[in-house]
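Undergrad: what's the 3D shape of this:
(chains A and B)
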Amino acid sequence: DAKTTQPPSMDCAEGRAANLPCNHSTISGNEYVYWYRQIHSQGPQYIIHGLKNNETNEMASLIITEDRKSSTLILPHATLRDTAVYYCIVRGDNNRKLIWGLGTSLAVNP
Amino acid sequence: DGGITQSPKYLFRKEGQNVTLSCEQNLNHDAMYWYRQDPGQGLRLIYYSQIVNDFQKGDIAEGYSVSREKKESFPLTVTSAQKNPTAFYLCASRHRQGLNQPQHFGDGTRLSIL
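TA: Purely as a prediction, here's the structure:
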């Protein structure tokens, strides 16, 4: 399974876009990129996933570079409730597990 | 609402005691998973099950046991052989059909030693 690298922490002003980067330089052709977030003492919440095209849903947008070696999760208008640890994970469908790193702790400030 | 229910939210274990953590889902998901999370660490896989009556060890299965008698239920037993059981335990489930369906998580059980 490919490994991911994320900055340990980031800050964002309320109402501004939060752009969370993730490096996955060893990703293979059949591995998807998944993003989850975890608010303290709760289970991880699925946000979005993609293979090579950019994806958007009601929570966020996912931008994957053309070489697929990195991606960015965008929260377009961050709110205080978006304060959480954000995890970027890569996984192929023939793999049975997700490998979790330490994620990025995002603090949204008023 | 459909979802994954873990109970209890908090659990205390005495030395030498086995305890069982419950995980129930009404999402009609085929696969279910148990993870352990320690402070400052990522989630680590304990056991997973792709179908009823079948399960596989994850990375840290020693001291744990599971069963999958029903599609909706995947209980985890923390046995006395698990010497460091204090952790946050998370259950997840996922559809197997369709490419790369994401896992969805319950809200966890926090286990502590008395």
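
Undergrad: Let's see the pLDDT reported for residue A:12.
TA: Residue A:12 is assigned 96 on the pLDDT scale.

Undergrad: Paired strands for the worst-scoring helix or strand of chain A on mean pLDDT, with orientation please.
TA: One helix or strand of chain A scores below all others by mean pLDDT, DSSP states H and E: strand A:84-92, with a mean of 90. Applying DSSP bridges, strand A:84-92 is found paired with strand A:31-38 (antiparallel), strand A:104-109 (antiparallel).

Undergrad: Turn these into CSV, columns for mean neighbour count and mean pLDDT.
TA: To be clear about C-beta, it is placed using only N, CA and C from the backbone, and glycine gets the same treatment. Compiled in CSV, the strands paired with strand A:84-92 are given as follows (neighbours: other CB atoms under 10 Å in any protein chain shown; pLDDT from 0 to 100):
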stretch, mean neighbour count, mean pLDDT
strand A:31-38, 23, 94
strand A:104-109, 17, 97
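
Undergrad: got a markdown table for those strands, with distance to residue B:114 too?
TA: What follows is the strands paired with strand A:84-92, written out as a markdown table (distance: least, CB to CB, whole Å):
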| stretch | distance to residue B:114 |
| --- | --- |
| strand A:31-38 | 27 |
| strand A:104-109 | 31 |
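
Undergrad: what about those, which gets the closest to residue B:101?
TA: Of all those, strand A:31-38 sits nearest to residue B:101, with 10.1 Å by CB to CB.

Undergrad: roughly how far out does the closest one sit from the chain middle?
TA: Chain-centre distance of strand A:31-38: 5 Å, with CA atoms, centre = their mean, to the nearest Å.

Undergrad: Check what contacts that strand and list those residues.
TA: A:1-2, A:20, A:22, A:24, A:27, A:44-51, A:60, A:62, A:64, A:68, A:71, A:73, A:82, A:84-93, A:95, A:98, A:103, B:100, B:102 (CB atoms under 8 Å, 6 or more residues apart in numbering or on different chains).

Undergrad: List buried residues within those residues.
TA: Buried by 16 or more other CB atoms under 10 Å in any protein chain shown: A:1-2, A:20, A:22, A:24, A:27, A:44, A:46-50, A:60, A:62, A:64, A:68, A:71, A:73, A:82, A:84-91, A:98, A:103, B:100, B:102, out of those.

Undergrad: Which ones among those lie within strands?
TA: Among these, the members falling in strands (DSSP state E) are A:20, A:22, A:46-50, A:62, A:64, A:71, A:73, A:84-91.

Undergrad: so the residue positioned nearest the centre of chain B is in which element?
TA: In chain B, the centroid-proximal residue (CA atoms, centre = their mean) is residue B:34; its distance is 2.9 Å. Here residue B:34 is covered by strand B:31-37, with elements defined by DSSP states H and E.

Undergrad: who does that strand pair up with?
TA: Strand B:31-37 has the following strand partners under DSSP bridges: strand B:43-51 (antiparallel), strand B:87-94 (antiparallel).

Undergrad: Dump these into a markdown table; add mean neighbour count and mean pLDDT as well.
TA: As requested, these are exported to a markdown table (neighbours: other CB under 10 Å; pLDDT from 0 to 100):
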| stretch | mean neighbour count | mean pLDDT |
| --- | --- | --- |
| strand B:43-51 | 20 | 93 |
| strand B:87-94 | 24 | 96 |
